[in-house]
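Participant: Fold the following and give me the result.
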Amino acid sequence: MIYVETLRLQLSDWKETDLEPFSRLNADEQVMMYFPKPLSKEETNVFHQSILSELKECGFGLYAVEVKENKEFIGFIGFHKATFKADFTPCIEIGWRLKKEAWGKGYATEGASACLQYGFNELGFSDVYSFTSDVNKPSKNVMKKIGMNFIKTFNHPKIKNDSPLSKHVLFHISQKGI
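Facilitator: Numbering: from 1, shown residues only. Have a look, this model is predicted:
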């Protein structure tokens with residue numbers, strides 16, 4: 001099923017053929033530089049299964065992203081129910097992860113903008129959050145470009161306090177804000 005379509009992108013259900021390029025994406029040190037570590041093939045399989053479960057259970061999730069022009073899988077953009085312990089959770093998070101060959105082309109901004117519209121207009125979300133490590137300037141720029149507002153910094157409870165990735169930024173947008 002196609003959930004969101006833009007001029008250049010299609011956000012849809014995952015295909016079996018997406019798993020191998022997804023595994024390569026998650027194993028790429030550059031792609032994963034703002035995460036604790038790259039993922040092994042087994043860890044990617046577990047993550048993929050949790051994505052599929054969330055799509056089935058919630059009716060939304062992290063959608064597989066394909067470039068319409070060549071049908072190439074480039075990563076994911078979509079929603080996730082964040083439930084770790086924080087003063088803003090549980091919440092709906094918007095997130096993205098694209099392979100490095102897709103960077104710098106505006107795909108994350110294009111897909112996330114359309115995804116927000118879908119979340120507010122079709123899924124009935126009233127608020128959406130996004131967060132990333134403070135050092136992740138590219139994702140912070142996408143958050144700003146899609147109209148999200150900076151709320152605060154916080155230490156992510158699932159990352160060791162002495163890690164340079166511990167300090168996170170929280171962004172928010174409401175249906176009224178679009």
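Participant: can you tell me how far the nearest residue to Leu39 once chain neighbours are set aside sits from Ala82?
Facilitator: The spatially closest residue to Leu39, leaving aside those adjacent along the chain, is Asn26, at 3.9 Å (C-beta to C-beta, 6 or more residues apart in numbering). Glycine gets a C-beta too; all of them are placed from N, C-alpha and C. Applying C-beta to C-beta, to the nearest Å, the value for Asn26 to Ala82 is 19 Å.
Participant: Please identify which of those two sits among more neighbours.
Facilitator: Between Asn26 and Ala82, counting by other C-beta atoms under 10 Å, Asn26 is the more crowded of the two (22 against 16).
Participant: Quick check: the more buried one touching Asn45?
Facilitator: No. Asn26 lies out of contact with Asn45 (C-beta atoms under 8 Å); the separation is 10.0 Å.
Participant: biggest strand in the protein by residues?
Facilitator: strand 72-82 (DSSP state E).
Participant: What is the subsequent helix or strand relative to that one?
Facilitator: Next in sequence after strand 72-82, counting helices and strands by DSSP states H and E, comes strand 91-98.
Participant: And the contacts of that next one?
Facilitator: Contact with strand 91-98 is made by 25-26, 31, 60, 62, 65, 74-82, 107-108, 111-112, 115-116, 119, 125, 127-131, 139, 142, 146, as judged by C-beta atoms under 8 Å, 6 or more residues apart in numbering.
Participant: report the angle between the axes of the helix or strand just after that strand and strand 72-82?
Facilitator: Toward the C-terminus, strand 91-98 is succeeded by helix 107-121 as the next helix or strand (DSSP H and E). Between helix 107-121 and strand 72-82, the angle comes out at 50 degrees (axes from the mean of the first three to the mean of the last three C-alpha atoms, to 10 degrees).
Participant: Strands along the chain, start to end?
Facilitator: Using DSSP E, the strands of the chain run over residues 2-5, 9-12, 62-67, 72-82, 91-98, 127-133, 149-155, 167-174.
Participant: Flag every buried residue along stretch 130-139.
Facilitator: Ser130, Phe131, Thr132, Ser133, Asp134, Asn136, Ser139 (16 or more other C-beta atoms under 10 Å).
Participant: from these, which single one is nearest Thr89?
Facilitator: Minimum distance to Thr89 across the buried residues of stretch 130-139 is 10.0 Å, recorded for Phe131 (C-beta to C-beta).
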